[in-house]
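Chemist: Sequence and predicted structure are below.
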Amino acid sequence: MNRAVTLHDLIVAGAALAAGIVAGLLLRVALRWLGKHALRTRWSGDDVIVDALRAVVPWAAVAGGLAAATAALPFTETVGHTVDQVLMVLLILVATLTAARVITGLVRSLAQSRSGVAGSATIFANITRIIVLAMGFLVVLQTLGISIAPLLTALGVGGLAVALALQDTLANLFAGVHILASKTVQPGDYIRLSSGEEGYIVDVNWRNTVVRQLSNNLVIISNAQLSGTNMTNFTRPEQKLTILVQVGVGYDSDLDHVERVTTEVVESVMKDVNGGDPDHEPAVRFHTFGDSRIGFTVILGVGEFSDQYRIKHEFIKRLHRRYRDEGIRIPSPARTVALQKPEETQKPEEMVIPHQRDLSETAP
């Protein structure tokens, strides 16, 4: 300190700090008002940006006021330089965290808009966050006067060793990136693996894929396994799908009448039941002369995979009721079993052995 602190210095420093605090509060109020207006827009990116700015801009104003207050006080050059460095590092850290939050939110928003679902593919968000934080850390080191060239060299050599030690983890990481980049599956798709697991994809992170079954249980599948197995995607290329219901009627039924009645039931189910496809064209296909019935297949349309259970349930109920009203019989399999009384077993002494020869007559 070159000279003693005067009352004027304290007043100027206090005024600068108070101005920074007041500016921070005003900016927070303004950003809160701006955030309410951002919620009314269709683009979710502005919500992410405003929300991130609300966290950094008020603190930046306070830090600016603190820096001005420090400059007003008669500190020595060394102390002033140290204080400036501390404030600069704090600003860089806050800016880095804010940038990571904004960019990660924008990446997540982009992933949501591309997949069209509520879930998010956090693998891209996590990679983006790590890159931004690493860049901010390097900027902090450079600000403190620490050379980052040896650090980058050490990271390059050590990264090779880490990559060899984490082969499985890196395999899952790149498999997850490949899955999302190729758009084979996206969060929200309903899939079924050849091993039997099936459900909605909730998230694809850096190591595994989370699948939610219809029973609301979560199945965790490694990205490498998901990428290397046979899989059926019931959502792509189109979410709507058709389901088959097997029906049979008696041989005495009028098949034209049966087809007309069944088609009417299908049309009513498609229009009235939630989950049906109103644009679906009903189809009835006879195919088998069975033991007791003529079998045919009814093709129904559903909006997405889980709707099939509700549609089948309502279709079978309505079809059974309509067949009963129309006098159409659905026969049950009939079998005739004939029971035969077993014959009485003859006694040993009464048994007659045919072609029996008297060996005594042939003896010499």
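Modeler: The structure has been received and is ready for your questions.
Chemist: All the strands of this protein, in order from the start?
Modeler: In the chain, the segments counted as strands under DSSP state E are 190-193, 198-204, 208-212, 218-222, 231-233, 241-249, 283-289, 294-302.
Chemist: got a list of contacts for the last one?
Modeler: In this case it means strand 294-302. Strand 294-302 is contacted by residues 240-251, 253, 255, 258, 262, 266, 269-270, 275-277, 279-280, 282-289, 308, 311-312, 315, 319 when judged by CB atoms under 8 Å, 6 or more residues apart in numbering. (C-beta placed from N, C-alpha, C; glycine too.)
Chemist: Please indicate which of those are buried?
Modeler: 241, 243, 245, 247-249, 253, 258, 262, 266, 269-270, 275-277, 280, 282-284, 308, 311-312, 315, 319 (16 or more other CB atoms under 10 Å).
Chemist: Next, the buried residues of stretch 302-311.
Modeler: 302, 303, 304, 305, 307, 308, 311.
Chemist: Test my guess that the fourth one contacts residue 235.
Modeler: Yes. Counting by CB atoms under 8 Å, residue 305 sits close enough to residue 235 to count as a contact (7.3 Å).
Chemist: Quickly list what's touching both of these two.
Modeler: residue 190.
Chemist: what is the nearest residue to residue 293 once chain neighbours are set aside paired to in the beta sheet?
Modeler: Leaving out its chain neighbours, the residue that sits closest to residue 293 by CB to CB, 6 or more residues apart in numbering is residue 248, at 3.5 Å. Counting by DSSP bridges, residue 248 forms beta bridges with residue 295.
Chemist: so what's residue 248 up against?
Modeler: Counted by CB under 8 Å, 6+ apart, residue 248 has contacts 290, 292, 293, 294, 295, 296, 330, 331.
Chemist: Distance of it relative to residue 17?
Modeler: 86 Å (CB to CB, to the nearest Å).
Chemist: for residue 288, what are its contacts?
Modeler: Counting by CB under 8 Å, 6+ apart, residue 288 has contacts 294, 295, 296.
Chemist: repeat that with 7 Å
Modeler: Counting by CB atoms under 7 Å, 6 or more residues apart in numbering, residue 288 makes contact with residue 295.
Chemist: Let the chain start at 26 from now.
Modeler: Okay, residue one is now 26; in that scheme the one you just asked about reads as residue 313.
Chemist: Is it bridged to anything, and to what?
Modeler: residue 320.
Chemist: For residue 341, see how far away it is.
Modeler: For residue 313 relative to residue 341 (CB to CB), the value is 19 Å.
Chemist: Please apply the same query to residue 288.
Modeler: 16 Å.
Chemist: okay but residue 301 is in contact with residue 295, surely?
Modeler: Yes. With contact defined as CB atoms under 7 Å, residue 301 reaches residue 295; the gap is 4.2 Å.
Chemist: Save the buried residues of stretch 327-336 as JSON lines, and put in distance to residue 172 and pLDDT too.
Modeler: Output for these, formatted as JSON lines (distance: CB to CB, whole Å; pLDDT from 0 to 100):
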{"residue": "327", "distance to residue 172": "63", "pLDDT": "93"}
{"residue": "328", "distance to residue 172": "61", "pLDDT": "89"}
{"residue": "329", "distance to residue 172": "57", "pLDDT": "89"}
{"residue": "330", "distance to residue 172": "57", "pLDDT": "89"}
{"residue": "332", "distance to residue 172": "62", "pLDDT": "91"}
{"residue": "333", "distance to residue 172": "64", "pLDDT": "91"}
{"residue": "336", "distance to residue 172": "68", "pLDDT": "94"}
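Chemist: Residue 226: which of those residues is nearest?
Modeler: Distance to residue 226 across the buried residues of stretch 327-336 (CB to CB) is lowest for residue 330, with 12.2 Å.
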